[in-house]
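> give the three-dimensional model of this entry:
(chains A and B)
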Amino acid sequence: MKVLSKLFLVVCCAAAMAPVGWHAISSVKSPSEIALIPPTLLPREPTPVNYQELFRRRPVFRYYVNSLAIATMSSVVCVFSASLIAYRLARIRGRLRSVIRAALLAIAFFPPIIFLFPLFELVRHAGLVNHPWGLILTYAALNLPFAIWLLTGSFEQIPIELEEAAAIDGLTGLQTYRMVILPLAMPVVISASILVFIFSWNEFMFALTFMNMESQKTLTLGVATLSGAFAYEIPWGQIAAGVIVSAAPLVILVILFQRRIVAGLTAGSVK
Amino acid sequence: MTVGSSPSSVPTSIPRWARLAWFVPGFLLLLAVVCYPILRTIFLSFTHESLATGFQPEFAAFDNFARLAGDSRLRSSIGATAVFTLVSVSAEFLIGLLLALAANAMQRWRNALRVILLVPWTLPTAVIAVLWTWIFNDQFGALNALLIRAGILSSPVAWLAHPGTAMTAMIVADVWKTTPFVFLILVAGLQNIPHDLYEAIEIDGGGAWARFRHVTWPHLLPFVFVALIFRIVQAFAIFDLVWVMTGGGPGGSTETISVYTYQTYMRYLDFGYGASLAVATVVILAITAGLLYRLLVKKYESAL
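Coordinates of the predicted model:
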């Protein structure tokens, strides 16, 4: 039984790593080697040529900057407005509170396609097509219920006596929030920020609809639409390079923050 | 900072409007990005607004909903969505549960395990779709090479060109990405179970199965519900994976409701009908979630 379960874990880990590993290996093969049938297991002569071609043909650096700006801003706007609401919500008792929480949960369960077309109309009327704020506001709002849910759970744990003490010391509500509540809830604030960042970084459908200029695309959108941009041959080496380029920042994020990511995911789902 | 305010002027009760101010940024966002689109969608679903009407809204009463009833493409997309959701969520749940049970018994390597399993979940679905498209590619794909070398296949299969295998490929990609999510939720659930419950059943002479049946499972049920409901809702709304891997093909066989709705909106520019498809999606999802809730929560209450 013990051996069997260990074997199962090993197999699953291998399965989790193999596809990305295969792309990492393939991305450093030469274009002629990548076309070999059957494929070679390891590259004969590792070469950066696929990466060079990818960065030369597509504005990958722009994609990066766009994604970084959009995901960061979405996360900041979302977690900031969520924390204000969550702070108040954590101190309300009774029916109103459960009604608001249920409504937030319901919103989180709406399929994103519901919002797509009316939002596209709005974004177009506001002149925000191909503009980062169209996506930033969309991502911030769509992730708001999740962030509020997560933060409320954490703010509730903070004893109300601390706030009363702060009020006696002459702190206003906003000062208490900034100097007492936020620092105490920092781990959960970080969890929420990272998760909203990842959700925004990964989003595809709204990016596809709102961003049609090459220079405004996010990295996810840019990499996902790579193959469509080549009319004749599909350059698999460059696509493999694109997958690795878009995976790299997320892998680093996971390694650095796995504890906070897992804590946010499970707390947000379980409460 | 309000310098010089004396301790006697401590604001013990903040005025009502000031309390509401905290809600303003978030509620404005939700109003514009969530509430308005929902109302607009409902409104649109009762109008004809398309290329044919010159994009002017015309009152349509229940025309769009009558059209839904006779729409074979909708039926086929509901079928594809149902198959995708049912099979992938079942597989994710089963593998995720086994993984969680196996990992929970381990003392070491837990962090390494979490990092390894978290990576697929963190990657963008659209990029994962690209990744698996290449693995399932008939000429250069790793899968065909692997299966031919192992002697299972004699000639390469065009996985994404046949309805059954294309759906399977999509499901494999989805299971690969989202099993870690189920795993994490269930591990959290397992760690929540008090240890003395296991000791009690061991004193009663229960084996591994009795432990699972009478302690683990009933206590895990709320977590099972959370994992399932999140996964079902997400799988039901799947868009990016389909869009990038198959585009809904071959022959519309993998077209999910979200993809069909998107096409109706953005390609056929039929906004009224697109909106009614969106409304139908929510209704179906609400019914599914309600049934699941009754099924699992009732079970949970009777198990305790």
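
> where in chain A is pLDDT low?
Within chain A, the segments meeting pLDDT under 70 span A:228-233, A:268-271.

> check which helix or strand covers the most centrally placed residue in chain A.
Centre of chain A computed as the mean C-alpha position; nearest residue by C-alpha atoms, centre = their mean is residue A:198, 1.4 Å away. Residue A:198 is part of helix A:186-202, with elements assigned from DSSP states H and E.

> quick check, that helix touching chain B?
Yes - judged by C-beta under 8 Å from any C-beta of the partner chain, helix A:186-202 comes into contact with chain B through A:198, A:201, A:202. Glycine gets a C-beta too; all of them are placed from N, C-alpha and C.

> with adjacent residues omitted, what lies nearest to the first one?
Taking C-beta to C-beta, 6 or more residues apart in numbering or on different chains as the measure, residue A:198 lies nearest to residue B:122, with 5.9 Å between them; neighbours along the chain are not counted.

> burial count for the one you found?
Using other C-beta atoms under 10 Å in any protein chain shown, residue B:122 is surrounded by 21 other residues.

> contact partners for it?
If a contact means C-beta atoms under 8 Å, 6 or more residues apart in numbering or on different chains, then residue B:122 has A:198, A:202, A:250, A:251, A:253, A:254, A:261 as its contacts.

> give the other helices and strands that the host helix or strand of residue B:259 contacts.
Following DSSP H and E, one finds residue B:259 within helix B:257-262. If contacts are counted by 3 or more C-beta pairs under 8 Å, 6 or more residues apart in numbering or on different chains; DSSP states H and E, helix B:257-262 sits against helix A:113-125, helix B:72-104, helix B:240-245, helix B:271-303.

> so for the shortest one, what's the average pLDDT?
Meaning helix B:240-245. Rounded to a whole number, the mean pLDDT of helix B:240-245 is 94.

> touching chain A at all, that helix?
Yes - taking C-beta under 8 Å from any C-beta as the criterion, helix B:240-245 and chain A are in contact, through B:240, B:243, B:244.

> just among those residues, which is most surrounded?
Neighbour counts for these peak at residue B:244, which has 27 neighbours (criterion: other C-beta under 10 Å).

> now it. Nearest residue, chain neighbours left out?
Counting by C-beta to C-beta, 6+ apart, residue B:129 is the residue found nearest to residue B:244 once chain neighbours are left out, at 3.6 Å.

> so the helix or strand containing the one you found versus helix A:186-202, what angle?
Per DSSP H and E, residue B:129 falls inside helix B:125-135. What separates the directions of helix B:125-135 and helix A:186-202 is an angle of 50 degrees, with axes from the mean of the first three to the mean of the last three C-alpha atoms, to 10 degrees.

> what about residue A:173, how many neighbours?
Other residues near residue A:173 number 19, with proximity taken as other C-beta under 10 Å.

> residue B:18 is in contact with that one, correct?
Yes - using C-beta atoms under 8 Å, residue A:173 makes contact with residue B:18 at a distance of 7.1 Å.

> what residues does the stretch 51-200 of chain A have near chain B?
Taking C-beta under 8 Å from any C-beta as the measure of proximity, the stretch 51-200 of chain A contacts chain B at A:77, A:80-82, A:84-85, A:87-88, A:107, A:109-122, A:137-138, A:140-142, A:144, A:148, A:167-168, A:170, A:172-173, A:175, A:198.

> what subset of these is buried?
A:77, A:81-82, A:84-85, A:87-88, A:107, A:109-120, A:122, A:137-138, A:140-142, A:144, A:148, A:167, A:170, A:172-173, A:198 (16 or more other C-beta atoms under 10 Å in any protein chain shown).

> show me what from the stretch 201-304 of chain B comes close to chain A.
Within the stretch 201-304 of chain B, the positions lying close to chain A (C-beta under 8 Å from any C-beta) are B:208, B:222-223, B:226-227, B:229-230, B:233, B:236-237, B:239-240, B:243-244, B:257-258, B:261-262, B:265-266, B:271, B:274-275, B:278, B:281-282, B:285, B:289.

> hmm, which of those residues are the buried ones?
Buried by 16+ other C-beta under 10 Å: B:223, B:226-227, B:229-230, B:233, B:236-237, B:239-240, B:243-244, B:257-258, B:261-262, B:265, B:271, B:274-275, B:278, B:281-282, B:285, B:289, out of those.

> show me what contacts residue A:171?
Taking C-beta under 8 Å, 6+ apart as the contact definition, residue A:171 lies against A:179, A:180.

> same check, this time on the one 10 residues further on
Residues touching residue A:181, when contacts are defined by C-beta under 8 Å, 6+ apart, comprise A:87, A:155, A:158, A:163.

> that one and residue A:174, how far apart?
Taking C-beta to C-beta, to the nearest Å as the measure, residue A:181 falls 10 Å from residue A:174.

> quick check: closest non-adjacent residue to residue B:62.
Per C-beta to C-beta, 6+ apart, closest to residue B:62 is residue B:46, 7.5 Å.

> mind listing the strands for the stretch 51-200 of chain A?
All residues of the stretch 51-200 of chain A lie outside strands when identified by DSSP state E, counting those that start in this stretch.

> now do the helices in it.
Under the criterion DSSP state H, counting those that start in this stretch, the stretch 51-200 of chain A carries helices at the ranges A:60-89, A:95-108, A:113-125, A:132-142, A:144-155, A:160-168, A:173-176, A:182-184, A:186-202.

> got the contact list for residue A:196?
Contacts were defined as C-beta under 8 Å, 6+ apart; by that measure residue A:196 touches A:74, A:75, A:78, A:79, A:139, A:140, A:143, A:146, A:147.

> which among these gets closest to residue B:98?
Distances from the contacts of residue A:196 to residue B:98 were compared by C-beta to C-beta; the smallest belongs to residue A:146, at 27.7 Å.

> quick check: the closest one touching residue A:108?
Yes - with contacts counted by C-beta under 8 Å, residue A:146 reaches residue A:108, the gap being 5.7 Å.

> residue contacts, the residue of the stretch 151-300 of chain B found nearest chain A?
Of the stretch 151-300 of chain B, the residue with the smallest distance to chain A, taken as C-beta to the nearest C-beta, is residue B:237 at 3.4 Å. Contacts for residue B:237 were tallied using C-beta under 8 Å, 6+ apart; they are A:111, A:112, A:113, B:258, B:281, B:285.

> so the most centrally placed residue in chain B is in which element?
Relative to the mean C-alpha position of chain B, the nearest C-alpha, by C-alpha atoms, centre = their mean, is the one of residue B:234, at 1.5 Å. Assigned by DSSP H and E, residue B:234 falls within helix B:217-236.

> for that helix, C-alpha coordinates in CSV please.
Presented in CSV, the C-alpha positions along helix B:217-236 are these (Å, rounded to 0.1, in the frame of the first residue of the first chain):
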residue,chain,number,x,y,z
TRP,B,217,-15.2,10.6,3.7
PRO,B,218,-17.9,12.2,5.9
HIS,B,219,-15.4,14.9,7.1
LEU,B,220,-14.1,15.5,3.6
LEU,B,221,-17.5,16.0,2.0
PRO,B,222,-17.7,19.8,2.4
PHE,B,223,-14.3,20.1,0.8
VAL,B,224,-15.4,17.7,-1.9
PHE,B,225,-18.4,20.0,-2.5
VAL,B,226,-16.3,23.1,-2.8
ALA,B,227,-13.8,21.4,-5.2
LEU,B,228,-16.6,20.0,-7.3
ILE,B,229,-18.7,23.1,-7.5
PHE,B,230,-15.7,25.3,-8.5
ARG,B,231,-14.5,22.8,-11.1
ILE,B,232,-17.9,22.2,-12.6
VAL,B,233,-18.6,25.9,-12.9
GLN,B,234,-15.2,26.5,-14.6
ALA,B,235,-15.4,23.4,-16.8
PHE,B,236,-18.9,24.3,-17.9
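
> what mean pLDDT does that helix have?
Mean pLDDT, computed over helix B:217-236, is 90.

> which ones are touching residue 114?
As the question left the chain open, I've gone with chain A. Contact partners of residue A:114, counting by C-beta under 8 Å, 6+ apart, are B:37, B:38, B:41, B:278, B:281, B:282.

> nope, chain B
By C-beta under 8 Å, 6+ apart, the residues touching residue B:114 are A:258, A:262, B:184.

> alright, that wraps it up for me.
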